[in-house]
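Chemist: Whatever this is, show me its structure:
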Amino acid sequence: MDTVDSLWQVVLIGLLFGAGLPAVFALGIRFLLPGATTTADGTASPAHRPLCSPGWHASR
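Modeler: Prediction:
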């Protein structure tokens, strides 16, 4: 039974560090990027995405 107890702890830590940390990093990067800006007349301009390729447009 001691092996099963150790196994679930290893699986839990593996999931935390294997999936949890990259997810937290991705959310942090996402929240750091500015969103679309709205002008005085109510039209929205697309956000500048520096990590995307130059040919990428928000309308796609």
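Chemist: Quick check: what element follows the longest helix anywhere in the chain along the chain?
Modeler: Counting residues, the longest helix in the chain under DSSP state H turns out to be helix 2-15. The C-terminal neighbour of helix 2-15 among helices and strands, as given by DSSP states H and E, is helix 21-32.
Chemist: Quick one: neighbours of P22, just the number.
Modeler: Counted with other C-beta atoms under 10 Å, residues neighbouring P22 total 10. Backbone N, C-alpha and C define where each C-beta goes, glycine included.
Chemist: quick one, what contacts it?
Modeler: By C-beta atoms under 8 Å, 6 or more residues apart in numbering, the contact set of P22 is empty.
Chemist: All further residue positions should be reported with the first residue as 51.
Modeler: Sounds good: first residue 51 from here, last item P72.
Chemist: Local confidence estimate at it?
Modeler: pLDDT, P72: 86.
Chemist: From L65, how far out is it?
Modeler: From P72 across to L65, the span is 11 Å (C-beta to C-beta, to the nearest Å).
Chemist: ok, how many other residues are close to I63?
Modeler: Neighbourhood size, I63 [other C-beta under 10 Å]: 11.
Chemist: ok, now how distant is it from L77?
Modeler: According to C-beta to C-beta, I63 and L77 sit 20 Å apart.
Chemist: I'd like to know how far A73 sits from F67.
Modeler: Going from A73 to F67 by C-beta to C-beta gives 11 Å.
Chemist: could I get stretch 71-82 in CSV with only the CA atoms?
Modeler: Output of stretch 71-82 as CSV, limited to C-alpha atoms (Å, rounded to 0.1, in the frame of the first residue of the first chain):
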residue,chain,number,x,y,z
LEU,A,71,3.2,25.5,-14.7
PRO,A,72,3.0,25.9,-18.5
ALA,A,73,-0.7,26.8,-18.2
VAL,A,74,0.1,29.5,-15.7
PHE,A,75,2.9,30.8,-17.9
ALA,A,76,0.6,30.9,-21.0
LEU,A,77,-2.1,32.7,-19.0
GLY,A,78,0.4,35.2,-17.8
ILE,A,79,1.7,35.9,-21.3
ARG,A,80,-1.9,36.2,-22.5
PHE,A,81,-2.8,38.8,-19.9
LEU,A,82,0.3,40.8,-20.6
